[in-house]
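coordinates for the following, if possible.
(2 chains)
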There are 2 protein chains.
Amino acid sequence: MPDASAALDAAALDQLFLEARTYNSFRPEPIDPAQLRCAYELARMAPTSANAQPMRLVFLVSPEAKAKLEPALSAGNRAKTMAAPATAIVAYDRHFYDELPRLFHDPAARSWFAGKSEHAERTAFRNGSLQGAYFILAARALGLDCGPMSGFDNAKVDAVFFPDGRWRSNFLINLGHGEPAGLFARNPRLGFDEACRIL
Amino acid sequence: MPDASAALDAAALDQLFLEARTYNSFRPEPIDPAQLRCAYELARMAPTSANAQPMRLVFLVSPEAKAKLEPALSAGNRAKTMAAPATAIVAYDRHFYDELPRLFHDPAARSWFAGKSEHAERTAFRNGSLQGAYFILAARALGLDCGPMSGFDNAKVDAVFFPDGRWRSNFLINLGHGEPAGLFARNPRLGFDEACRIL
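Modelled structure (predicted):
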């Protein structure tokens, strides 16, 4: 067990949070699939409710796969996404609870969600989003840059990539090594006293 | 700008992902409020849709504040939460879009959400969840341990802590320095080939 009582060094905090940016353009070299696997294998270790891990990832790297995505993208996201070395569809499995008997130590866990479609959907969306965020930071931790987006037509993506209706798209992430030339100026963040309270 | 093309070292990946655990018990010492602020100030830099930052955090540290939470907790989460040095209510601002004119470079952004309650709610829940995950990893990056939970009555928490209805609870995170003695055995994770596809 590492000494988890110490903070990471400043360079690591910069790489993960403080100097990392949402990139709009990327260097043209492809991403090694082993790096995508490694990022997933970091992200999957972070916590989800009942260890349910509802996130599913579809990495679009071939021109054919990218072309299937293109009509669903909003105008402002189209060119940069088609040019990115890879685009991940962050999705979630609406029937994630069918895996719980092998994923969670309490055999009752499947019954917490099965047949409760609203609770299951909210759990999948919440935890699939958490895992999408873990994946963004895992990719950054490995030296990749991300360009996450929700500006696209989810229903179109679902119809093309998930026609059986079991998986559902959540958001997209362009992946690669970012080109600083394509960056917007950094927008402001809410201060602690605006967004947080201590009671 | 740091050299973001290199991976963090193995100790950092362990601290963030591979060896970090969801803790059920914590050492009794209080958390320095400056550390909560620092974790927020890392997490807030990570990406959200239109830079909207819908997450709001309420840190419960006083016995009085903890006591207000207690009736909303599920039985299995009660004792460990009351004993934790701090519990964060990860919430979101349902009217996050009112801040967009000062947070985003496109002045039209508020109109993408205002008056579109279903789209606004989904955006707040997705991005508030992303930010909750960023906060978990930011806390770990600073040497804190987390115990996130969704086993509680959201409506009760909202009635007690957010009576005006503007903020809404999402999930909870116990915070402190974890006691390994309270850990469950680690549950399995889905393999890359189960959860991911490359097209």
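
got the buried residues for the longest helix anywhere in chain A?
Taking DSSP state H as the criterion, chain A has its longest helix at helix A:117-141. Across helix A:117-141, burial judged by 16 or more other C-beta atoms under 10 Å in any protein chain shown covers A:120, A:122-141. C-betas here are computed from N, CA, C, even on glycine.

and it, what does it pack against?
helix A:33-43, strand A:55-60, strand A:86-93, strand A:145-149, strand A:167-176, helix B:117-141 (3 or more C-beta pairs under 8 Å, 6 or more residues apart in numbering or on different chains; DSSP states H and E).

contacting residues for the closest residue to A:W167 other than its chain neighbours?
In this structure, A:W167 finds its nearest non-sequential neighbour in A:A91, 4.6 Å apart by C-beta to C-beta, 6 or more residues apart in numbering or on different chains. By C-beta atoms under 8 Å, 6 or more residues apart in numbering or on different chains, A:A91 lies in contact with A:M55, A:R56, A:L57, A:V58, A:G128, A:F161, A:F162, A:W167, A:R168, A:S169, A:N170.

is stretch A:44-57 anywhere near chain B?
Yes: counting by C-beta under 8 Å from any C-beta of the partner chain, chain B has neighbours in stretch A:44-57: A:R44, A:M45, A:A46, A:P47, A:S49, A:N51, A:Q53, A:M55, A:R56, A:L57.

now those as TSV including neighbour count and pLDDT?
Formatted as TSV, the residues of stretch A:44-57 next to chain B follow (neighbours: other C-beta atoms under 10 Å in any protein chain shown; pLDDT from 0 to 100):
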residue	neighbour count	pLDDT
A:R44	23	98
A:M45	19	98
A:A46	26	98
A:P47	20	98
A:S49	22	97
A:N51	21	98
A:Q53	29	98
A:M55	28	98
A:R56	25	98
A:L57	21	98
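
of the residues you listed, closest to B:A155?
Among the residues of stretch A:44-57 next to chain B, A:S49 lies closest to B:A155 (C-beta to C-beta), at 17.7 Å.

wait, what's in contact with that closest one?
Applying C-beta under 8 Å, 6+ apart, we find A:S49 in contact with A:T123, A:R126, A:N127, B:M149, B:S150, B:G151, B:F171.

measure it to A:Y97 for me?
11 Å (C-beta to C-beta, to the nearest Å).

now swap in A:L172 and tell me
Per C-beta to C-beta, A:L172 is found 25 Å from A:Y97.

got it, and A:T87?
For A:T87 relative to A:Y97 (C-beta to C-beta), the value is 28 Å.

for A:A86, same thing?
Taking C-beta to C-beta, one finds A:A86 at 30 Å from A:Y97.

neighbour count: the two, which is higher?
The neighbour count for A:A86 versus A:Y97, taken as other C-beta atoms under 10 Å in any protein chain shown, is higher for A:Y97 (25 against 22).

sec struct for that one, please.
helix (DSSP: H, G, I helix; E, B strand; the rest coil).

pLDDT value on it, please?
The model reports A:Y97 with a pLDDT of 98.

right, and A:H119 touches A:S111 too?
No: A:H119 lies out of contact with A:S111 (C-beta atoms under 8 Å); the separation is 11.4 Å.

adding pLDDT, write the contacts of A:S49 out as a markdown table.
What follows is these, written out as a markdown table (pLDDT from 0 to 100):
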| residue | pLDDT |
| --- | --- |
| A:T123 | 98 |
| A:R126 | 98 |
| A:N127 | 98 |
| B:M149 | 97 |
| B:S150 | 96 |
| B:G151 | 95 |
| B:F171 | 98 |
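
not counting sequence-adjacent ones, nearest residue to the residue nearest to the spatial centre of chain A?
Residue closest to the mean C-alpha point of chain A, counted by C-alpha atoms, centre = their mean, is A:G132 at 2.6 Å. Closest residue to A:G132 apart from its sequence neighbours, by C-beta to C-beta, 6+ apart: A:V90 at 4.2 Å.

wait, doesn't the one you found sit right on A:I173?
Yes: in terms of C-beta under 8 Å, A:V90 counts as a neighbour of A:I173; the distance is 6.3 Å.
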